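J.: predicted coordinates and the sequence they were generated for:
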Amino acid sequence: MPTNFLPLNPLKRLAGQTAIYGLSSIVGRLLNYLLVPLYTRVLITSDYGIYTEMYAWVSILWVILTYGMETTFFRFSESEKNKQSVFNTSFSSLIVTSILFLVLVVGNSGSISQWMGYGDRINYIIYFGFILSFDAMAAIPFARLRQQNRPIRFVTIKLINIGLNIALNLFFILLCPYLITHFPESEFTKLISTIFNPDDLVGYIFISNLVASTITLILLLPEFRFNKFRFNTALLMRMLKYSWPLMIVAIAGSINLSIDKILLSMLLPGNSDAEIMSQVGIYGACYKVSIIMTLFVQTFRYAADPFFFAESGKSDSRQIYADVLKIFTIVTSLIFLITTLYLDFVITFIGEDYRTGRDVIPILLMGNLFLGIFYNLSFWYKLTNKTIYGALLSIIGAGITIILNIILIPKIGYYGSAWAAFFAYFIMMALSYFIGKKHFPVQYDIKKIVFYPGLAVLLFYVSTLLNLETGLVKYAINTMLAALYIIMIFAMEKRNFLQLLKS
């Protein structure tokens, strides 16, 4: 087992890239996270349930539309001499499939709306047809910015997208209703009233997303101005052979992340559609609280994709991978502990009507920690071109998620969805580790990787056993518990962290 970190210049570079690329991810998700208090105070729980279900479908469909081409682009950009041909082929492929998808969705929007139970809200389907198509088209240009180490432009465009989306949300959800209520006679308000429907606020959330996606694609035009929609057919076939298992991995992964919201709307017991969608809304809001963990995991993944491929040819690469996982586990365990110890404060970000589901948050946080470790471990099959194993692992995880949701939702409601995610991610993580030992052995410090999350859970459990009322005493004790975790980590890893700072 490794006891010391290697000279850590590569790790420091990964940390720097995580910070830079994470700016758009963290800031964007935090700003969007700040919309959750608005949504959960303005929208009734059933409307928020619609919002939750729609974006669950989008999460799955977007993965299908990009079919693993981002990771494939990174891989072939490293191995092919003609990098422009790799870009042209991958990007052109996504352009063609996105346009075909858009035509299919718009042409069948009425049938899709009826099937989803949205009746005459055909506009929702059309909005998301364009959103998904535009976002898929933008995937490879964004990947190219990362591959070319152009984080400033990447972050700038991402932040413009986020800022515009949030500004439009505030305009439609807050400003327009305020003007109509308080200044009904002004000329500007009369103009707004001709195009604004205060009874369909959910629709304006979708419109805001559509406008932001459109502007983002326009801003990315310079990145593909030399592309002439040319296919290198032989290259495309090799890329698709590499990417299709990744697509299955991603689809299965998106099922793990999103299918619970869809199945909840189908399987929850209730006397009416509104009651069922209210439960979906409550779960969706609490799921948003657990995104604190997802923020770090997603930020890490942005930098890790190109980093792990770039480090793969170095003699000490496997030691670096082991050190990365240990540091990752330390940080995510701390995120779990801080969030759960201060949950009384964190939960105030969502409306009071949604807080009844707070007990699912620790379950979801730990599940997402397992998922983050799985992402770390998953590079063994990408680096060895054994992506079929990633597909199998993700299919197993998706199968567990679906089966447990079907079994548990009718019995314990949305708690069943939370536990389904927990066990699915744990099993995926464990299987990836044991299979990876055979095909790409890395000397991970397993004892500490198990100990750190276990310590965080133990300290959280101690806090719950005390069962203190919210107040200064509870926060003081929880702060001491968090400090104890940090002190123990520093005591165990002092020499390694000092070495990291010096390198």
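T.: Yes, it's here.
J.: what's the neighbour count on Asn385?
T.: 11 (other Cβ atoms under 10 Å). Any C-beta I mention is one placed from the backbone N, CA and C, and that applies to glycine too.
J.: for the closest residue to it other than its chain neighbours, give its distance to Leu393.
T.: Leaving aside its sequence neighbours, Asn385 sits nearest to Tyr242 (Cβ to Cβ, 6 or more residues apart in numbering; 7.2 Å). In this view, Tyr242 and Leu393 are 17 Å apart by Cβ to Cβ, to the nearest Å.
J.: what of Thr156?
T.: Look at Thr156 and Leu393: by Cβ to Cβ, they are 36 Å apart.
J.: between these two, who's got more neighbours?
T.: Taking other Cβ under 10 Å, Thr156 and Leu393 do not tie; Leu393 has more neighbours (24 against 15).
J.: return the set of buried residues in the host helix or strand of the more buried one.
T.: Assigned by DSSP states H and E, Leu393 falls within helix 387-412. Of all the residues in helix 387-412, those buried under the rule 16 or more other Cβ atoms under 10 Å are 387, 389-395, 397-398, 400-402, 404-405, 408-409.
J.: what does stretch 102-111 give?
T.: Buried residues in stretch 102-111, defined by neighbour count with 16+ other Cβ under 10 Å: 102, 105, 109.
J.: okay, how far is it across it, tip to tip?
T.: End-to-end distance for stretch 102-111, by Cα to Cα, to the nearest Å: 15 Å.
J.: that stretch: how far from the chain's middle?
T.: Relative to the chain's own centre, stretch 102-111 is displaced by 27 Å; criterion: Cα atoms, centre = their mean, to the nearest Å.
J.: re the thing from before, give the contact list for the residue nearest to Asn385.
T.: Each residue near Tyr242 by Cβ atoms under 8 Å, 6 or more residues apart in numbering is listed here: 68, 72, 75-76, 385, 387.
J.: helix/strand/coil for the residue lying farthest from the centre of the chain?
T.: Distance from the C-alpha centroid of the chain, by Cα atoms, centre = their mean, peaks at Glu185 (43.9 Å). Three-state call for Glu185 (DSSP: H, G, I helix; E, B strand; the rest coil): coil.
J.: same question for Thr216.
T.: Going by three-state DSSP: Thr216 is helix.
J.: how close does it sit to Leu164?
T.: Distance from Thr216 to Leu164, by Cβ to Cβ: 8 Å.
J.: neighbour count: the two, which is higher?
T.: Thr216 (22 against 18).
J.: contacting residues around that one?
T.: With Cβ under 8 Å, 6+ apart, Thr216 has these contacts: 134-135, 138, 157, 160-161.
J.: for the residues you listed, which one is nearest Gly117?
T.: Nearest to Gly117 among the contacts of Thr216 is Asp135, at 24.5 Å by Cβ to Cβ.
J.: these two touch, right, the closest one and Ser213?
T.: Yes - if you go by Cβ atoms under 8 Å, Asp135 and Ser213 touch, sitting 5.5 Å apart.
J.: low-confidence bits of this structure, can you list those?
T.: For the chain, the stretches with pLDDT under 70 are 1-32, 79-81, 224-231, 302-303, 305-307, 310-317, 496-503.
J.: can you check which helix is longest in it?
T.: For the chain, the helix that runs over the most residues, judged by DSSP state H, is helix 233-267.
J.: appreciated, that's everything.
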